[in-house]
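[1] Test case, fold it:
(one chain, ligands or ions: 1)
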Amino acid sequence: MAKATLYFPPDFKWGAATAAHQVEGNNTNNDWWAWEQTPGHIRRDQKSGLAADWWGDGFERDLDLAAQMGHTAHRLSVEWARIEPQEGVFDSAAIDRYRYMLTAMRRRGIEPMVTLHHFSNPLWLAQRDSWETTAVVPWFERYVSKTVEALKDLCDLWVTINEPNVYAVAGYVAEQAATGDQVEASPVFPPGKNSLNLAFAVIANMLRGHAAAYHAIHKLQPEARVGIAQNMRLFDPARPDNVLDRFCAYNRDRLFNYTLLNAPLTGRYDRPFGAPQWIRGLKGALDFIGLNYYSREFVKFDRRQPTGWLFGQSVPNPDAVMSDGGYGELYPHGLFRLLKRLERTGKPIFITENGLPDHDDDLRPGFLLTHLREIWRAINQNIPVMGYYHWSLVDNFEWAEGWDLRFGLIELNVETQARRLRRSGELYGEICRRGLIDDGLVYEYAPALLDTLFPG
Ligand code: FCB
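    Next up, the predicted model:
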């Protein structure tokens, strides 16, 4: 008999998330594949290659494990470059393959959520400046309409665009050094141009693309639910009493989180410089919020950083437990803080990504338990969190970090394509199947956390 139990609602969706380029393999016709070919772009010059072979039978094998874990939902993305390999030319075999994948999910009781753009662009679009000009908007709308028309009997939950802020920052803003020394750095995603102006133009065009897609989807499928997956981070002042640190943290938050969250609610994109932009069709074009949450940053004012001063420097939190490769601080309470903040929007919320790189899986069980507890708390305060998609189901190609960061509940041997469910996957399976966390489970998987999970 359990002494303490955290219950989740019976219709809560349990699952994991993946993205096409990271798992499918041989996505030779997109800008990421091209980017990987140039030495220096990807850590240790690794390549996506066969990835997790989701275009082959890796997909079925991972899906079987997801079903075995008791997943009831999965977030995947479809690859624009496969569906529309040349401008205006649509590939029915690629669409059939996606139909097959969604059907395979449904057969296993797994409800798909489909993302229409997750970082990668077809080469033909990259040759026409990707998202830098408004030309992309009708192209995106046409691709979305074709895709939704073809898949709508299998899916009614859509994410138009994944993380416009990350896409714009990683592709158009050089990374700053955490040491506070100015270093020459370049953006880590294609197209690798260093231009703040372009970054803001890209975000505005993604918002235009989202608005166009939102209405196109609803025209084809009135009952559809359509959202954006927003990457939100916590920005806290490194020295809480320092006014300048607080100012910098506030600015970062505004720039990275707030303006993007606000835009589809109000129709207005507040750029940090210049007048706000009103985007046609954007106001209210959001049925749910997708929250991708990973970590928080400590922000410090630094006068030696003339370009970064307004936004401060990110400095490590000396007290934090960090995930692999210094990827980020483990900060479960941040999830609750963000959910509290999102409550004001009045929209249903899905946690569309949450996870950590943890090759040896020593932190992931505790990560899962503590983050899910924060969601449980939020639900108990009547915040409408509808589901949780752990990033990720299986180890996959982590963009500029290559294969060095392992996010999977399933461990993948990239050479042999062998799979093994990690212990955290076993734990998550118990939670999904039972819809709860109890003291017995915590005792078995992370006994040191008993007091944290069940205080008092
Ligand atoms: C998110 C991306 C996802 C994955 C995780 C670790 O920003 O959406 O593709 O790379 O980070």
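[2] Would you mind listing the buried residues in stretch 251-263?
    Within stretch 251-263, the residues that qualify as buried by neighbour count (16 or more other CB atoms under 10 Å) are 251, 252, 253, 255, 256, 257, 259, 260, 261, 263. To be clear about C-beta, it is placed using only N, CA and C from the backbone, and glycine gets the same treatment.
[3] measure the first one to residue 174 for me?
    It refers to residue 251. Counting by CB to CB, to the nearest Å, the separation of residue 251 from residue 174 is 18 Å.
[4] ok, now the second one?
    Residue 252 sits 16 Å away from residue 174, taking CB to CB as the criterion.
[5] Which residue is the nearest non-sequential neighbour of residue 355?
    With CB to CB, 6 or more residues apart in numbering as the criterion, residue 355 has its nearest non-adjacent residue at 3.6 Å, and that residue is residue 391.
[6] Same question for residue 216.
    residue 145 (4.8 Å).
[7] what's around the one you found, how many residues?
    Using other CB atoms under 10 Å, the number of residues around residue 145 comes to 16.
[8] just residue 324 next, same as before
    A count of neighbours around residue 324, defined by other CB under 10 Å, yields 17.
[9] And for the one 4 residues further on?
    Other residues within reach of residue 328 by the criterion other CB under 10 Å amount to 19.
[10] looking at it, it is touching residue 298, isn't it?
    No - taking CB atoms under 8 Å as the contact criterion, residue 328 and residue 298 are not neighbours in contact, 11.2 Å apart.
[11] Quick one: name the residues of the stretch 51-200 of the chain near the ligand.
    Applying CB under 6 Å from any ligand atom, one finds that the stretch 51-200 of the chain approaches the ligand through 162, 163, 166.
[12] buried ones in stretch 261-275?
    Across stretch 261-275, burial judged by 16+ other CB under 10 Å covers 261, 263, 264, 265, 267, 268, 269, 270.
[13] Revised request: answer the last question for stretch 186-197.
    So, applying 16+ other CB under 10 Å, buried residues of stretch 186-197: 187, 188, 189, 190, 191, 193.
[14] Could you do stretch 81-98 as well?
    Going by neighbour count (16+ other CB under 10 Å), the buried part of stretch 81-98 is 81, 82, 83, 84, 85, 94, 95, 97, 98.
[15] Now intersect those with the helices, please.
    Secondary structure assignment (DSSP state H) places 81, 82, 83, 94, 95, 97, 98 from these within helices.
[16] any low-confidence regions in the stretch 51-200 of the chain?
    Across the stretch 51-200 of the chain, the ranges flagged by pLDDT under 70 are 175-184.
[17] hey, where'd the strands end up in it?
    Counting by DSSP state E, counting those that start in this stretch, the stretch 51-200 of the chain has strands at residues 73-77, 111-117, 157-162.
[18] tell me the SS of residue 432?
    Assigned state for residue 432: helix (three-state reduction, DSSP: H, G, I helix; E, B strand; the rest coil).
[19] Do I have it right that it meets residue 71?
    Yes - taking contacts as CB under 8 Å, residue 432 lies within contact range of residue 71: 5.8 Å.
[20] neighbour-wise, which of those two wins?
    When residue 432 and residue 71 are compared on other CB under 10 Å, the one with more neighbours turns out to be residue 71, at 27 against 23.
[21] hmm, back to that, quickly name whichever of the buried residues of stretch 81-98 is closest to the ligand.
    Distances from the ligand to the buried residues of stretch 81-98, taken as CB to the nearest ligand atom, are shortest for residue 81 (16.1 Å).
[22] Run through the residues that contact that closest one.
    Residue 81 sits next to 27, 29, 30, 120, 121, 122, 123 when contact means CB atoms under 8 Å, 6 or more residues apart in numbering.
[23] Just the buried residues of the residues you listed.
    When those are checked for burial by 16+ other CB under 10 Å, the buried set is 27, 29, 30, 120, 121, 122, 123.
[24] could you list every residue that touches the residue in the stretch 1-150 of the chain positioned nearest to the ligand?
    For the stretch 1-150 of the chain, the nearest residue to the ligand under the criterion CB to the nearest ligand atom is residue 19, separated by 4.7 Å. Each residue near residue 19 by CB under 8 Å, 6+ apart is listed here: 76, 77, 115, 118, 119, 162, 396.
[25] Residue 23 is in contact with the fourth one, correct?
    No - applying CB under 8 Å, one finds residue 118 not in contact with residue 23, separated by 10.6 Å.
[26] Provide the secondary structure category for the residue lying closest to residue 37 once chain neighbours are set aside.
    What sits nearest to residue 37 in space, not counting adjacent residues and going by CB to CB, 6+ apart, is residue 47, at 7.8 Å. Using three-state DSSP, the three-state assignment for residue 47 comes out as coil.
[27] same question, residue 352
    Looking at residue 352 with three-state DSSP, the answer is strand.
[28] circling back to that earlier point, just give me the closest of the buried residues of stretch 81-98 to residue 108.
    Within those, the smallest distance to residue 108 is 16.1 Å, found for residue 98 (CB to CB).
[29] what about the closest one, distance to residue 227?
    With the distance defined as CB to CB, residue 98 ends up 20 Å from residue 227.
[30] Then residue 332?
    Distance check for residue 332 against residue 227: by CB to CB, it reads 23 Å.
[31] So for those two, which sits in the more crowded spot?
    residue 227 (27 against 19).
[32] which residues touch the spatially closest residue to that one that is not a sequence neighbour?
    The shortest distance from residue 227 to any residue that is not its chain neighbour, by CB to CB, 6+ apart, is 4.3 Å, and that residue is residue 288. Neighbour list for residue 288: 225, 226, 227, 347, 348, 349, 350, 386 [criterion: CB under 8 Å, 6+ apart].
[33] My reading is that the second one lies in a strand. Confirm?
    It stands for residue 226. Yes - counting by three-state DSSP, residue 226 is found in a strand.
[34] who are the neighbours in contact with it?
    When the contact criterion is CB under 8 Å, 6+ apart, the partners of residue 226 are 158, 159, 160, 213, 214, 217, 218, 285, 286, 287, 288.
[35] with those residues in mind, which one is nearest to the ligand?
    Compare each of the contacts of residue 226 with the ligand using CB to the nearest ligand atom and the shortest gap goes to residue 159, at 10.4 Å.
[36] Tell me if I'm right that that closest one and residue 353 touch.
    No - with contact defined as CB under 8 Å, residue 159 does not count as touching residue 353 (10.4 Å).
[37] I am finished for the moment; much appreciated.
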